[in-house]
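> Build the 3D model from these lines:
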Amino acid sequence: MSTSVGSIARVAGYGEDRRVNLVPLRRRLLVLITLLGTVLLAVPAAAEPPSSLEERITDSADVLDEGQVEAAIEELESETPLDLFVVYVDSFDGMATTEWVSETAAASNLGANDVLLAVAVEDRAFDVGMQGSAELSQSDVQQVINSEVEPALANNDWTGAAVAMAAGLQDAYGGLGGGAADDSGGGSFLGGLGTLFLIGLVVILGFGVFSAFRSKSSDGPREPGTRQLPKGHPLTLPTEELEKRAGSALVGADDAIRSSEEELSFAKAQFGLQATDEFTAVLEQAKEKAARAFSLRQQLDDDQPETEPQRRQMLAEIVTLTQQVDTELDAQAERFAELRNMQARAPEVLDELEQRAREVGRQIEAAR
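Reported below is the predicted structural model:
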């Protein structure tokens, strides 16, 4: 199989500094793009060098529910000619994301309909690579990244991002009516040095316009992909409002955990340990999420300043975590409220059952 793979998108910091790069991942072409002014970032981190992929799922970062991801990939493979390879590592070994994906794809001998999603969890960076094919265009794949994958990664939903990638590719392929063949016969997103020059020029101009816009913005940097964020997402808020929301959310989460601990104690005494197992598990998970949220707050308040995009991302994560805590604990509180209501109505229910039993007994005699 061919190993010419193109980089569809690279996002550093999941929503902080996003650039689209459509250059095929061969070293000589990367040199040409560098000469055209494309900026390639590489963050030094623990060694995770590119290597050949033995399986469709590689999770050396140990963050995936591989069962869910495998099911999504199998459905994609059964419904389309596409195949998705998912790689989650701690770091890209200090390499540019495009170069890391290029070498991994080459070592794995990926083909025309193979798509590679690579995520460096500690670097907070990811890249999607695929060779140009007639099945999907770069804009189709980019739309999947913008609307599905990037928001999931921004919320540390590692499994959700991989599942969304598979589902998005399947939907995009279905929208093409089964992927009719392209008569142009092109085997790559780029067709020669002329196209390379045009794309490099577009990247440079786009980056310049984006930088100029950021310098004029009074609200600070805008999150990339804001238009694709769901309604009510924390990153759609101004920084000042996001700060207030995060502060009040932490207080609310702490109160919710304290009251839930009291509620759980009463529930155990009233209904027993077995009936409260789920409540106990949910409360422990809520405590872990709250601890993560308070840890982020401490990082924001320490003497090591964060950039504006980093600060906004951390505040958004605090809001998201605390919202999850409130929602999960409220659901358990409602469940036990219903149980208490049933217990209060127990005598009435018993009377109704006895009356119903007598009615059924009379019907049995008539039937005999």
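
> which residues sit in contact with T322?
246, 249-250, 252-253, 289-290, 293 (CB atoms under 8 Å, 6 or more residues apart in numbering). (C-beta placed from N, C-alpha, C; glycine too.)

> Now the buried members of those residues.
Applying a neighbour-count criterion of 16 or more other CB atoms under 10 Å, the buried members of the contacts of T322 are 246, 249-250, 253, 289-290, 293.

> Can you tell me which of the residues you listed lies closest to A112?
Within the set of the buried ones among the contacts of T322, K289 lies nearest A112; the separation is 42.0 Å, counting by CB to CB.

> and the two most separated of the buried ones among the contacts of T322?
Between all members of these, the longest pairwise span (CB to CB) is found for A246 and K289 and amounts to 13.8 Å.

> what about R335, neighbour count?
R335 has 14 neighbouring residues, counting by other CB atoms under 10 Å.

> Could you check the pLDDT of it?
We note a pLDDT of 80 for R335 in this prediction.

> does it sit in a helix or strand, and which one?
Taking DSSP states H and E as the definition, R335 sits inside helix 308-344.

> Ok, L84 next?
Using DSSP H and E, the element containing L84 is strand 83-89.

> May I have that strand exported as PDB, CA atoms only?
As requested, C-alpha coordinates have been extracted for strand 83-89 and formatted as PDB (Å, rounded to 0.1, in the frame of the first residue of the first chain):
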ATOM      1  CA  ASP A  83     -10.600   2.400   8.100                       C
ATOM      2  CA  LEU A  84      -9.600   4.500  11.100                       C
ATOM      3  CA  PHE A  85      -6.400   4.000  13.100                       C
ATOM      4  CA  VAL A  86      -6.400   5.600  16.600                       C
ATOM      5  CA  VAL A  87      -3.100   6.400  18.500                       C
ATOM      6  CA  TYR A  88      -3.100   8.000  22.000                       C
ATOM      7  CA  VAL A  89       0.300   8.700  23.500                       C
END
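
> List the contacts of the nearest residue to D59 once chain neighbours are set aside.
Nearest in space to D59, with sequence neighbours left out and distances taken as CB to CB, 6 or more residues apart in numbering, is Y88 at 4.8 Å. In this structure, Y88 makes contact with 58-61, 63-64, 118-119, 121, 158, 162, judged by CB under 8 Å, 6+ apart.

> For the residues you listed, pick the one with the most neighbours.
Neighbour max across the contacts of Y88 (other CB under 10 Å) = A162, 30 neighbours.

> Check what pLDDT that residue gets.
Note on A162: pLDDT of 95.

> okay but it is in contact with V69, surely?
Yes - under the criterion of CB atoms under 8 Å, A162 lies in contact with V69, with a separation of 4.6 Å.

> list residues touching both of the two?
Both A162 and V69 are in contact with 57, 86, where contact means CB under 8 Å, 6+ apart.

> what's the neighbour count on the closest residue in space to Q299 that isn't next to it in sequence?
Nearest residue to Q299, sequence neighbours excluded (CB to CB, 6+ apart): M314, at 6.8 Å. By the criterion of other CB under 10 Å, M314 has 18 neighbours.

> On the pLDDT front, check M314 for me.
What the model reports as pLDDT for M314 is 91.

> That one and G232, how far apart?
Shown here: M314 relative to G232, a distance of 19 Å by CB to CB, to the nearest Å.

> Mind listing residues that contact stretch 252-259?
By CB under 8 Å, 6+ apart, the list of residues contacting stretch 252-259 reads 283, 286-287, 289-290, 293, 321-322, 325-326, 329-330.

> Looking at those, which one is closest to L169?
The closest of the contacts of stretch 252-259 to L169 turns out to be L321 (CB to CB; 29.1 Å).

> what about R258, neighbour count?
A count of neighbours around R258, defined by other CB under 10 Å, yields 10.

> Tell me how far it lies from V251.
Between R258 and V251 the computed distance is 11 Å (CB to CB).

> ditto for P347
Shown here: P347 relative to V251, a distance of 42 Å by CB to CB.

> now E243
From E243 over to V251 the distance is 13 Å, taken as CB to CB.

> Tell me who's in contact with the residue lying closest to N156 once chain neighbours are set aside.
Using CB to CB, 6+ apart and skipping the chain neighbours, the partner closest in space to N156 is E317 (6.9 Å). When contacts are counted by CB under 8 Å, 6+ apart, E317 touches 155-156, 293, 296.

> want to throw those into a markdown table with pLDDT, secondary structure and distance to Y173?
Written out in a markdown table, the entries for the contacts of E317 read as follows (pLDDT from 0 to 100; DSSP: H, G, I helix; E, B strand; the rest coil; distance: CB to CB, whole Å):
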| residue | pLDDT | secondary structure | distance to Y173 |
| --- | --- | --- | --- |
| N155 | 92 | coil | 26 |
| N156 | 92 | coil | 28 |
| A293 | 90 | helix | 38 |
| L296 | 91 | helix | 38 |
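
> What about S265, how many residues nearby?
For S265, the neighbour count with other CB under 10 Å is 11.

> Is it within a helix or a strand, and which one?
S265 is part of helix 239-271, with elements assigned from DSSP H and E.

> Identify each buried residue in that helix, please.
Neighbour counts using 16+ other CB under 10 Å place 242-243, 245-246, 249-250, 253, 256-257, 260, 263-264, 267 of helix 239-271 among the buried residues.

> could I get the residues you listed as CSV with pLDDT and distance to Q143?
Rendered in CSV, the data for the buried residues of helix 239-271 read as follows (pLDDT from 0 to 100; distance: CB to CB, whole Å):
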residue, pLDDT, distance to Q143
L242, 89, 27
E243, 89, 32
R245, 88, 29
A246, 89, 30
A249, 90, 31
L250, 91, 35
A253, 89, 35
A256, 88, 37
I257, 91, 39
S260, 87, 40
E263, 83, 44
L264, 84, 44
A267, 80, 46
